[in-house]
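Student: quick one, fold the following:
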Amino acid sequence: MSLIKKIATYFPHSLKTRLMGVTLLFLLLPTGILGYLGYDYLAGNIKKTQIRAVANVADMRFDQLVELFKTSNTRAIHFLNHLSSECKRNDETKNDQDDCLKSTLTNFIDEEGALSATLTHSTGEELTVGHPTSLQIKPFQEKQLVGFSKASSNTSHQYYIKICNESSLDCLLVIYPIKTIQHIFMANSGLGVSGDVFLLDANSAFITRPHLLTRQSNSESPEDHATQHCLTRKNAEILDTDRRNIDIIHSFRFVPEMGGGCIMAHLDQKEAFATLNIMQWRVALIAMTLIGFALYIALLVGRNIVRPIDKLCEVTHEIINGNYTVSAVVVGDDEISALANAFNLMTKRLESAFEELHGQHTQLEYEVQKRTQELFFAKNQAEEALALLQETQQSLVQAEKMAVLGGLVAGVAHEINTPLGITLTSASFLSDETRKTSTRYKDGDLSGDELEAYFEVATQSTQLSVINCHRAADLIHSFKQVAVDQTSNNQREFNLKIYLEEVLFSLRPALKKTNIKVQLSCPTNLWLINYPGAISQIITNFVMNSLLHAYEPNQCGTIRLNIIESINDRIELHYSDDGKGIPLDIQSKIFDPFFTTKRSNGGSGLGLHLVYNIVHQKLKGTLTLQSIEGEGTTFILNFARQL
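Tutor: Okay, the predicted model is just below:
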């Protein structure tokens, strides 16, 4: 609905225009979506069919070429196996045998259409017939059946096969002209007018010339993505441009039987996808027809709905001008007719209301005069009450100050709940462990390791109870100092890192219920002559404030406590968390007493207020807040090493 309202705001304020717009929207939007999906489906099928057709041509040429290579190898093997039995007879001289071999080889290359053939005996003797050419014969790779020579400016490509007889150790090398395979790549490629199929060697040089690139010589080679992909032993079909900068369908097949090389099949996309152009015109014609039909329906709906409303507006203007005798014409029993009936009834009631209103006007004038006299008397009474109220307000201000002080003292019970709870938990846990250990001792089942584990638990629980009892005492003392602004006398020398580790250790029961980690960075030999209880109170309130406000339940996070030795023998304590941060609009209020956003979750609003007072009154330092909502909060405390 919100989308329709946004679209409607761009139409004129005419109801008829808006109805037409909404009708057109509901008619054309689903029709357009269905039409687009149908066209996209048909276009995709046409493209897939044409691409598959090009791929089929490439596959067919690949099969024909490999079959030709296999046939040539088979005939050569058969010829070599029977050559010895035909010409190497014991009753013939060597010259007669050579003449027989030459004659037989000559007949073989004539039948094969080869350029030359070379027979190498096991003794190293060679016999060559035909028109031999100098070729660089390379060892065949896996699956390779033939090898190709490099073309030059004077000679074209040639290919050769080389086979050996394992029993006689004779080898036969047959060299074929390229025309032997050209019939496979003739102009009639089966790909229409713009189709073309040609063969590349392992160096991407043309073996058979593309028919549509008549200016290229055999030594030239294409430099397109399809060739690069094919020569990396890949077979695929892609849409790309050729050297003529024409969009074509590429289909390529790598030919390992020739030692590397590619069969490339091309077809212009314009010819291949010509059916799409026809379909686009048909879709456009159907779309225009649908738009015209939808426009007609929208006009019809708008006229039939708006015409009765226009007549009702004319009657409304007559009534505005004071003519209450007119009435709307009611035709039919639809919603607009019901509106006209209700409008006529409203007109009659409005006329009666105006008559009654005139009578009430006279009565109202009398009442106004009477009330004016009463208000003058009430004004005098209000002035007297205001004076009394001001006196009462002064008394309430003094009472509020005392209430705030009383509320501050009352918050002690909530603030000391955590250390006392930790102490109680530690004592209970120690009692349970002591009972279990005593039972096992009496039963004779207590081992040395279990006794050591009990001593460790007892030591930690006792230390935890002592620390939190001190924390509770320091907390009560801190609240008392804030309330009565007295001077403390518990200043002593202590190692800051060791003391902070003890404070964090005492907070472990609260931290272990969460996924929050605390990282402490402090110089090892940093000694202070200051108030350790005040620093403990500050850190405790910072941590508990972060656990209550900065993180959601089960959220992971990190609290960092970084101590820096500043200039002028001062200490900078950086406390930061990576929680949700403090909104900008309440950052100026967080140090106010009793201000909290978590009162329903146990927040008293006194934690940061106490920290602020301790820093400024007891430590004579400064406290700075840095917070970005969504990124975390940092408190920077600056105070003297020695007071």
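Student: can you tell me the SS state at Val193?
Tutor: When classified by DSSP: H, G, I helix; E, B strand; the rest coil, Val193 comes out as coil.
Student: quick check: the gap between the nearest residue to it once chain neighbours are set aside and Ile238.
Tutor: Leaving out its chain neighbours, the residue that sits closest to Val193 by CB to CB, 6 or more residues apart in numbering is Glu271, at 6.3 Å. For the C-beta atoms, the positions are set from N, CA and C on the backbone; glycine is no exception. Distance check for Glu271 against Ile238: by CB to CB, to the nearest Å, it reads 17 Å.
Student: before we move on, what about Pro583?
Tutor: 55 Å.
Student: ok, Tyr160 next?
Tutor: Note on Tyr160: its distance to Ile238, by CB to CB, is 33 Å.
Student: ok, Thr634 next?
Tutor: Taking CB to CB as the measure, Thr634 falls 56 Å from Ile238.
Student: packing partners of the helix or strand hosting Val197?
Tutor: Using DSSP states H and E, Val197 falls within strand 196-201. Judged by 3 or more CB pairs under 8 Å, 6 or more residues apart in numbering; DSSP states H and E, strand 196-201 is in contact with helix 15-87, strand 261-268.
Student: partner strands of the shortest one, with direction?
Tutor: Here the strand partners of strand 261-268, with direction, are listed using DSSP bridges: strand 196-201 (antiparallel), strand 247-254 (antiparallel).
Student: immediately after that strand, which helix or strand?
Tutor: helix 269-272.
Student: try the first one
Tutor: Once helix 15-87 ends, the next helix or strand along the chain (criterion: DSSP H and E) is helix 94-112.
Student: what lies in contact with the helix or strand just after that next one?
Tutor: As assigned by DSSP H and E, the chain's next helix or strand after helix 94-112 is strand 116-120. For strand 116-120, the external contacting residues (CB atoms under 8 Å, 6 or more residues apart in numbering) are 83, 101, 105, 108-109, 126-133, 170-175.
Student: now do 6 Å
Tutor: With contacts defined as CB atoms under 6 Å, 6 or more residues apart in numbering, strand 116-120 is touched by 105, 109, 126-132, 171-175.
Student: from those residues, which two are the most distant?
Tutor: In the contacts of strand 116-120, the most distant members under the criterion CB to CB are His131 and Cys171, with 19.6 Å between them.
Student: more neighbours: those two, which one.
Tutor: Using other CB atoms under 10 Å, the more surrounded residue of His131 and Cys171 is Cys171, with 16 against 11.
Student: compare Pro583 and Ile238 (neighbour count), which wins?
Tutor: Set Pro583 next to Ile238 and count neighbours by other CB under 10 Å: Ile238 wins out with 14 against 11.
Student: re the thing from before, dump the strands paired with strand 261-268 to CSV, plus distance to Gly44, mean neighbour count and mean pLDDT.
Tutor: Below are the strands paired with strand 261-268 laid out as CSV (distance: least, CB to CB, whole Å; neighbours: other CB atoms under 10 Å; pLDDT from 0 to 100):
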stretch, distance to Gly44, mean neighbour count, mean pLDDT
strand 196-201, 25, 23, 84
strand 247-254, 14, 23, 84
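Student: next one: Lys150 relative to Gln182, how far apart?
Tutor: Lys150 is 18 Å from Gln182, by CB to CB.
Student: ok, Leu386 - how many residues close by?
Tutor: Leu386 has 10 nearby residues by other CB under 10 Å.
Student: so it, which of the three states?
Tutor: Using three-state DSSP, the structure places Leu386 in helix.
Student: could you say which helix or strand holds the closest residue in space to Ala550 that isn't next to it in sequence?
Tutor: Excluding the flanking residues, the one nearest Ala550 by CB to CB, 6+ apart is Gly579, at 2.6 Å. Here Gly579, judged by DSSP H and E, is contained in no helix and no strand.
Student: what's the domain layout of the chain?
Tutor: Split into domains by automatic domain parsing, the chain comes to 38-290, 487-640.
Student: quick one: low-confidence ranges for the stretch 151-300 of the chain?
Tutor: Applying pLDDT under 70 to the stretch 151-300 of the chain flags the ranges 152-154, 187-189, 212-226.
Student: now the stretch 401-550 of the chain
Tutor: 401-415, 474-489.
Student: how does it look with 50?
Tutor: 401-412, 478-479, 481-487 (pLDDT under 50).
Student: pull up the gap between Thr180 and Met258, please.
Tutor: Thr180 sits 13 Å away from Met258, going by CB to CB.
Student: grab the nearest non-local neighbour of Asn81.
Tutor: Leaving aside its chain neighbours, Asn81 sits nearest to Asn165 (6.3 Å; criterion: CB to CB, 6+ apart).
Student: what count of nearby residues applies to the one you found?
Tutor: Asn165 has 15 nearby residues by other CB under 10 Å.
Student: right, and it touches Leu80 too?
Tutor: Yes. In this structure, Asn165 is within contact of Leu80 by CB atoms under 6 Å, at 5.3 Å.
Student: tell me the buried residues in stretch 345-365?
Tutor: Within stretch 345-365, the residues that qualify as buried are Thr347, counting by 16 or more other CB atoms under 10 Å.
Student: cool, and stretch 257-272?
Tutor: Per 16+ other CB under 10 Å, stretch 257-272 contains these buried residues: 257-269, 272.
Student: could you dump these to CSV with distance to Arg233?
Tutor: Below are the buried residues of stretch 257-272 laid out as CSV (distance: CB to CB, whole Å):
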residue, distance to Arg233
Glu257, 13
Met258, 13
Gly259, 12
Gly260, 8
Gly261, 11
Cys262, 10
Ile263, 13
Met264, 15
Ala265, 18
His266, 20
Leu267, 23
Asp268, 27
Gln269, 26
Ala272, 26
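Student: closest to Phe62 among the residues you listed?
Tutor: Nearest to Phe62 among these is Ile263, at 5.3 Å by CB to CB.
Student: thank you, goodbye.
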